[in-house]
Each structure stands twice: as structure tokens, then as C-alpha cells.
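Colleague: the sequence isn't on hand, but the structure is:
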């Protein structure tokens, strides 16, 4: 059943990723990540950090926070979240206090960069391939490449998860995947292609405008292909911001990027996210939709992640 919830709580060749990033559109992209939580005193979590290369030799950095408590029967609930570098600043010690049994194990997947985002790397990892399985030019920044979601999902399943299990046992019945923007696309891609990989799926402002709505076409094809039983025991939440970001381009290149994104956005109905949640619910998935009228796209990142942090350790409703 679909429920509308109240609002409470962004290669194929190596050279693409080696190229210098384009000038950022705003400070939220360009500023350095705040990693102080990794070295500060923390009642709730013990933090670990490790670097892994994926099957193509591309580097990733993973931050794992293990609750300072004995694992519950069956293991810890786990929250896998993308854009891990940016999320560290939302984990000050004051926010993460006992009762420890209400804290999930955190797996924050990012990149070996000092900045909050690696925009070229995430544009590859988080986006699906083209209809023939081919890489695609990024619709906003032409020097980026899209289409690496399948390999990125394999990386999580075959490399990240085994390393996490070496640190602490997790409960297969309580596994959440969270992503924002392009990360939200990856959440949808995983749900539609490997629904049993996680239990909860949270897509915060998924970039449904990407490739003029191509993900919406993929969703229709997946629903025609998948049996209703494929979504058994799974839950999906799609969240949507409602206030425009105040982005001020610093130069003509940035202005062109914003104009291209606006063109893509106009190609997709504003109600597309709500309609997608409704279609998923009609196919047997427990699907919810939440609108945050007062939040910008960037503002929803923090709000959505903190909500996911509070929900991930809770059992799913029957």
C-alpha cells in the first residue's frame, strides 16, 4: 500500500576520472569534507576506514561505524549510504548516544578525496547504462561518463560486504540502502535489478530527470519483467524536496551546466516521483512517498540521512 508521509523527520575510460574536475557550482560541492568524527571521542560508535579498488581498479573509500554494543541476535542492522565523505559531518557525538541497540552499523561508501564529493566518480558509479548496456555521456557535465551502476553494485556485494562482515556480523533482514540525487538513481537501479540485495530502499530526491527520464522507462520495463514476489519483505521510500536551490554560477561553464539540468528537468513531470512510488506499490512493493516542501535538493540530503539513521535499526512493519 502506498502511503504519503508527512515531512518530519550527482568513464567508461580511466582518463575521465583522472581529468581535473570542473569548477563547482556551489560551495556544497566544493568544500572539504569534515572528518573530525573519525578521531573524536564517541560514545556510540567505533569508526573504521579502508580503501578498496573495484573490478576496474577504481578506488573507493569506505567508512564503517560499528556500535559499541554487543551484536543483537542475528547481527546488527546495517545502513549502507552513498556519498560517504559528505555524510561524516552529520555524525557528531552529541547526536549518536545510547541506547546503543537503536543504532545501526553504518557503511558510508565514498572516495579517497578530501572533498565531500567526487563528482566524476559518482556520475559513473551511481547511474545505469544505456538501453544497450553502453556508457552514456553525462547530461549535465559532458566530460563525465554515466553507466557504471552494475559494476558498482557488484563492488558493494562482492568487496564491501565481506569486509564489513569481518568487522561485525550484520542482520540480513535489516539492511538499508540510502542514496541522494544520483545516489537515489542507484537506489532505484538496485531495487529494480536486485531487489533482494537490501531490505529497505531510500531514494532521496532521485535524479529522475537524468537522460530525460530514462530511469522511469527502466522502471516500467522492470515491473513488466519482475514477479510481485520479487519485492516480498522489501520497502521503498522516495523523498522529494520542494524548494529551489539558490545556485549562482561563477562562470559560463557553470551556467551552461545548470541550463542543461533545467532542460532535463522540464522533460519529466513534477509528479513523476510520486507516480513512481504509486506504480511500485501497485506491483506488490511496500512503497511510501514523502514531500518536503520547505527543503531544497541539497537540504534534503542531511534531513533524509538523519531520518534513515533513526529508522534503519527498527523492524519493518508487517
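Modeller: Yep, that arrived. Because the structure is predicted, anything quoted here is derived from the model rather than measured. Numbering: from 1, shown residues only.

Colleague: the protein: strands as residue ranges?
Modeller: Taking DSSP state E to define them, one finds strands in the chain at 3-5, 45-53, 59-67, 76-82, 105-110, 136-137, 145-146, 170-180, 200-204, 235-241, 286-292.

Colleague: quick check: mean pLDDT of the fourth one?
Modeller: To tie it back to what came earlier, the one meant is strand 76-82. In this model, strand 76-82 has a mean pLDDT of 97.

Colleague: list the contacts of residue 222.
Modeller: 192, 193 (CB atoms under 8 Å, 6 or more residues apart in numbering). For the C-beta atoms, the positions are set from N, CA and C on the backbone; glycine is no exception.

Colleague: use 23 as the first number for this chain going forward.
Modeller: Noted, 23 is the first residue going forward, which turns the last one into residue 244.

Colleague: distance of it from residue 215?
Modeller: 7 Å (CB to CB, to the nearest Å).

Colleague: and residue 163, by the same measure?
Modeller: Distance from residue 163 to residue 215, by CB to CB: 25 Å.

Colleague: kindly report the same for residue 85.
Modeller: From residue 85 to residue 215 the distance is 26 Å (CB to CB).

Colleague: swap in residue 152?
Modeller: From residue 152 to residue 215 the distance is 15 Å (CB to CB).

Colleague: excluding covalently adjacent residues, which one is nearest to residue 59?
Modeller: Counting by CB to CB, 6 or more residues apart in numbering, residue 113 is the residue found nearest to residue 59 once chain neighbours are left out, at 4.7 Å.

Colleague: with residue 287 instead?
Modeller: Nearest one to residue 287, counting by CB to CB, 6+ apart, is residue 231 at 4.4 Å.

Colleague: how about the contacts made by the one you found?
Modeller: Counting by CB under 8 Å, 6+ apart, residue 231 has contacts 283, 286, 287, 289, 290.

Colleague: if any of those are buried, give me the ChimeraX selection for them.
Modeller: To isolate the buried ones among the contacts of residue 231 in ChimeraX, judged by 16 or more other CB atoms under 10 Å, type:
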select :283,286,290
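
Colleague: quick check: pLDDT value at the residue nearest to residue 287.
Modeller: So residue 231 comes in at 94 (pLDDT).

Colleague: same question, residue 227
Modeller: Looking at residue 227, the pLDDT reads 97.

Colleague: now residue 67
Modeller: 91.

Colleague: for residue 143, same thing?
Modeller: 97.

Colleague: please name the nearest non-neighbouring residue to it.
Modeller: residue 133 (5.2 Å).

Colleague: go ahead and confirm the one you found touches residue 145.
Modeller: No - with contact defined as CB atoms under 8 Å, residue 133 does not reach residue 145; the gap is 11.7 Å.

Colleague: okay, those two: which has more neighbours?
Modeller: residue 145 (26 against 23; other CB atoms under 10 Å).

Colleague: how about the strands of the chain in TSV, adding mean neighbour count?
Modeller: Listed next are these as TSV, based on neighbours: other CB atoms under 10 Å:
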stretch	mean neighbour count
strand 25-27	12
strand 67-75	14
strand 81-89	21
strand 98-104	26
strand 127-132	25
strand 158-159	18
strand 167-168	24
strand 192-202	23
strand 222-226	27
strand 257-263	24
strand 308-314	21
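
Colleague: confidence-wise, which of those strands is weakest overall?
Modeller: Among the strands of the chain, strand 25-27 scores lowest, with a mean of 49.

Colleague: in the protein, which helix or strand is least confident?
Modeller: helix 36-40 (a mean of 36; mean pLDDT, DSSP states H and E).

Colleague: and the spatially closest residue to residue 177 that is not a sequence neighbour, how many neighbours?
Modeller: Leaving out its chain neighbours, the residue that sits closest to residue 177 by CB to CB, 6+ apart is residue 76, at 4.2 Å. For residue 76, the neighbour count with other CB under 10 Å is 18.
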